[in-house]
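Colleague: Quick one, what's the 3D model for this:
(one chain, ligands or ions: 1)
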Amino acid sequence: MTTATESPAKKRGIVRSVLATWRGRITVGFLLLFVCCLAAPLLAPADPLHQDLRHILELPSGSHWLGTDSLGRDVLSRLLYGGRSSIVGILEGVAAHLVVAVPLGVAAGYLGGRFDRYAMRAADIVMSVPTIVILLAILTIFNRSIAAAMITLGALGASGMMRIVRGTAMTVRQELYVSAAELLGLSRTQIIFRHILPRCRGVIIVQTSLFAAIAIGIQTGLTFLGLGPPPPAATWGGMVNEAATTLTTAPWLLVPAGGVIALTVLALGILGDTVRDVTAQSHTSSGGLRVKPAKRRPEAPAPTAAPERRALLSVRDLSVSFLTPRGEAEVLTGVGFDLDAGQTLGLVGESGSGKSVTARAVLGLLEANGRVTAGSVVFDGQELTRASRKELAALRGTRIALISQEPMVALDPSFRIGAQLTEIVRSHTKMSRRDARRRVLELMELVELPDPEEMARRYPFQISGGMAQRVAIAAALAGSPDLLIADEPTTALDVTVQAEILALLRRIQRETGMAVLLVTHDWGVVADICTHVAVMYAGQVVESAPVEQVFGASVHPYTSALMAASPDSAARRTPIDAIAGTVPPPGSRLDGCRFRDRCALAAADCADKDIPLLQLTEERASRCIHTELLQVRP
Ligand SMILES: Nc1ncnc2c1ncn2[C@@H]1O[C@H](COP(=O)(O)OP(=O)(O)OP(=O)(O)O)[C@@H](O)[C@H]1O
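Modeller: From the prediction side, this is the model:
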């Protein structure tokens with residue numbers, strides 16, 4: 001099954017896509033001829049400075065293919081030499097343009113924040129500078145040096161391209177595959193080179209060709225005005241100037257120089273348009289998981305002496321707030337649970353109860369407006385809420401991995417699946433490319449992908465959602481994680497595929513012994529795969545217990561109501577009975593029991609004070625003070 005439209009540019013790359021169009025072929029062909037001017041000393045039929053006053057202002061002939069000028073010099077030779085100095089000037093200008101615009105634009109767009117603000121203010125200031133005045137000053141100071149003028153032009157004109165590159169980088173930064181790459185522990189530099197720059201390539205080429213067209217116009221203008229190299233040096237602008245003086249007697253002389261300037265500017269403009277067209281087709285909003293070998297993760301710090309048995313993941317009193325336009329909103333309040341190796345803990349609850357925020361807080365991946373306000377997340381003895389960005393990056397992808405609801409958006413549509421997985425394997429190991437490829441095939445077999453060799457050659461848009469989830473699981477397993485966080489991994493899949501993926505996860509977990517934190521709202525999934533459950537409501541855990549105890553008899557009215565509302569037969573013991581009302585959004589939450597407005601068993605004392613999570617047995621806890629009304633004996 002194919003899930004996205006296959007784009008020619010995606011498959012072929014920009015150069016081939018441009019060459020596939022007739023516009024592209026003609027313009028590239030012409031520009032290659034232009035580049036031949038670099039070989040002017042080899043190609044020119046005569047010395048461009050050699051004067052022959054017996055043959056002035058001649059029309060094209062066998063001995064002078066483009067005729068001669070007013071001093072009898074060969075026009076073709078002067079055109080070739082003039083082209084050479086034009087190319088050199090353009091290259092200098094383009095180099096300065098790229099060196100300033102690309103790093104600043106990418107950094108401003110990807111890093112954002114203060115760097116972005118300062119970079120944009122600087123760009124505003126540069127844009128307000130009168131470029132032509134500065135160029136004239138530079139030519140005066142540097143003794144008519146076209147190189148100095150072009151470098152200045154490139155640098156001063158960079159703010160336009162910088163803004164465009166910044167915009168593209170900002171868009172790419174929001175793609176889920178960039179988050180996925182962060183999850184895999186890639187550094188910012190790696191993400192910039194692997195993900196941001198390749199996506200900016202199209203706009204960079206377009207802007208470069210447009211700038212080159214402008215640069216050639218300005219350079220010709222300067223030499224036309226006699227501000228470049230003094231006569232008798234051959235320049236295109238100088239040739240137009242000479243032709244203008246003999247326009248009435250020898251109009252032909254204007255054609256070679258004027259024509260070649262016009263055609264070059266036109267070709268650069270069309271090239272820019274063509275590249276823009278082919279890249280516009282190629283970048284639909286989809287993502288990627290392409291990574292480069294990362295530094296080996298540092299050894300986990302030696303755990304401080306802890307003789308007693310401790311959970312692999314221990315979340316205690318975790319509170320998280322988000323800054324919203326209406327002020328700071330607390331979305332998690334005192335969340336706590338433990339998870340051991342080999343266990344699968346299901347985080348269950350209605351939409352908005354805080355399951356995903358809990359998972360993201362564990363990974364240290366809260367959105368920029370969120371922060372942990374209290375509590376701790378201890379993973380294998382390491383406190384993650386105080387861990388540095390670098391320490392978290394070292395854990396992600398290797399010791400803690402994530403699979404999400406939509407695996408397709410975590411795969412880069414531009415690269416084959418095998419290549420993406422190989423890069424991921426190499427980012428976690430020091431394997432050679434060949435060994436990594438072998439490991440990829442093993443991983444693909446582990447996740448039961450049919451015909452791994454053939455599958456590795458496919459692009460993400462050539463596989464189904466179920467297969468993409470298997471690829472995502474293979475990617476997650478590449479670092480042999482101790483903890484897998486699965487955020488609704490089967491929600492987007494149809495029922496049969498869901499069952500297959502759950503069976504796969506169960507098998508892999510049994511074989512690897514890793515712990516799984518599974519975010520779901522589906523009791524069927526809980527029954528199928530979880531060993532333990534933590535039921536969440538309005539940012540709190542309201543019940544936690546081993547799974548069979550919860551299905552046996554829940555000890556919170558919300559859990560019972562949630563099960564009764566579940567369409568899944570595995571959990572349903574009564575007809576489907578939707579819970580009246582909705583989860584109160586952060587900011588409008590009740591004091592006392594947060595569920596009491598929707599609870600059939602609510603009593604006056606439910607509103608008295610905040611209800612703590614009451615430890616009923618060693619493994620079972622409930623945030624209800626009226627468990628006796630549930631007629632449950634924990
Ligand atoms: N970046 C954010 N800024 C403000 N509020 C947020 C942000 N992210 C999440 N929230 C809020 O936090 C609460 C919990 O969201 P969360 O995504 O964890 O819910 P969930 O239980 O996973 O729901 P679902 O099953 O729909 O994903 C919601 O009220 C949500 O609006």
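Colleague: hey, let's count contacts and neighbours off CA atoms from now on
Modeller: Will do.
Colleague: pLDDT score assigned to the closest residue to the ligand within the stretch 151-300 of the chain?
Modeller: As assessed by C-alpha to the nearest ligand atom, the ligand sits closest to Q174 within the stretch 151-300 of the chain, at 13.0 Å. Looking at Q174, its pLDDT reads 71.
Colleague: ditto for A180
Modeller: 69.
Colleague: follow-up on the earlier one: distance of the residue of the stretch 151-300 of the chain closest to the ligand from A410?
Modeller: Computed with C-alpha to C-alpha, to the nearest Å, the distance linking Q174 and A410 is 12 Å.
Colleague: Just want to know which of the two has more residues nearby.
Modeller: A410 (27 against 13; other C-alpha atoms under 10 Å).
Colleague: do you know how far that one is from E448?
Modeller: 19 Å.
Colleague: Give me the buried positions along whichever strand or helix holds V275.
Modeller: Counting by DSSP states H and E, the element that carries V275 is helix 254-282. For helix 254-282, the neighbour count (16 or more other C-alpha atoms under 10 Å) marks 254, 256-258, 261, 263-265, 267-279, 282 as buried.
Colleague: what about the residue nearest the centre of the chain, which SS state?
Modeller: By C-alpha atoms, centre = their mean, the mean C-alpha position of the chain lies nearest to V178, the distance being 3.4 Å. Secondary structure, DSSP: H, G, I helix; E, B strand; the rest coil: V178 is helix.
Colleague: residue contacts, the residue of the stretch 151-300 of the chain closest to the ligand?
Modeller: If you count contacts by C-alpha atoms under 8 Å, 6 or more residues apart in numbering, Q174 has none.
Colleague: average pLDDT across the helix holding V275?
Modeller: Here the average pLDDT along helix 254-282 is 83.
Colleague: Over to stretch 228-243?
Modeller: Rounded mean pLDDT across stretch 228-243 is 87.
Colleague: distance between it and the chain's centre?
Modeller: 48 Å (C-alpha atoms, centre = their mean, to the nearest Å).
Colleague: do stretch 526-537 as well
Modeller: Worked out by C-alpha atoms, centre = their mean, stretch 526-537 lies 32 Å from the chain centre.
Colleague: For this protein, which helix or strand comes out least confident on mean pLDDT?
Modeller: Taking mean pLDDT, DSSP states H and E as the measure, the helix or strand of the chain with the lowest value is helix 8-12, at a mean of 50.
Colleague: How far off centre is the helix holding V275?
Modeller: 31 Å.
Colleague: next structured bit after that helix?
Modeller: strand 313-324.
Colleague: what residue ranges in the protein are flagged as low confidence?
Modeller: Within the chain, the segments meeting pLDDT under 70 span 1-13, 176, 180-181, 183-186, 279-309, 568-577, 631-634.
Colleague: Show me the longest helix that occurs in it.
Modeller: Longest helix in the chain, counting residues (DSSP state H): helix 75-111.
Colleague: List the buried residues of that helix.
Modeller: 75-98, 100-111.
Colleague: same question, stretch 436-455
Modeller: 436-437, 439-441, 443-444, 446-449, 452-453, 455.
Colleague: okay, it in PDB with CA atoms only?
Modeller: Output in PDB follows, covering the C-alpha atoms of stretch 436-455 (Å, rounded to 0.1, in the frame of the first residue of the first chain):
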ATOM      1  CA  ALA A 436      25.400  -1.900  10.300                       C
ATOM      2  CA  ARG A 437      23.500  -3.000   7.100                       C
ATOM      3  CA  ARG A 438      23.700  -6.600   8.400                       C
ATOM      4  CA  ARG A 439      22.300  -5.400  11.700                       C
ATOM      5  CA  VAL A 440      19.500  -3.600  10.000                       C
ATOM      6  CA  LEU A 441      18.400  -6.800   8.200                       C
ATOM      7  CA  GLU A 442      18.400  -8.500  11.600                       C
ATOM      8  CA  LEU A 443      16.300  -5.800  13.100                       C
ATOM      9  CA  MET A 444      13.900  -5.900  10.200                       C
ATOM     10  CA  GLU A 445      13.600  -9.700  10.700                       C
ATOM     11  CA  LEU A 446      13.100  -9.100  14.400                       C
ATOM     12  CA  VAL A 447      10.100  -6.800  13.700                       C
ATOM     13  CA  GLU A 448       8.900  -9.400  11.200                       C
ATOM     14  CA  LEU A 449       9.100  -7.200   8.100                       C
ATOM     15  CA  PRO A 450       8.600  -9.400   5.100                       C
ATOM     16  CA  ASP A 451      11.500  -9.700   2.600                       C
ATOM     17  CA  PRO A 452      13.900  -7.300   4.500                       C
ATOM     18  CA  GLU A 453      16.300  -6.900   1.600                       C
ATOM     19  CA  GLU A 454      13.600  -5.600  -0.700                       C
ATOM     20  CA  MET A 455      12.000  -3.600   2.100                       C
END
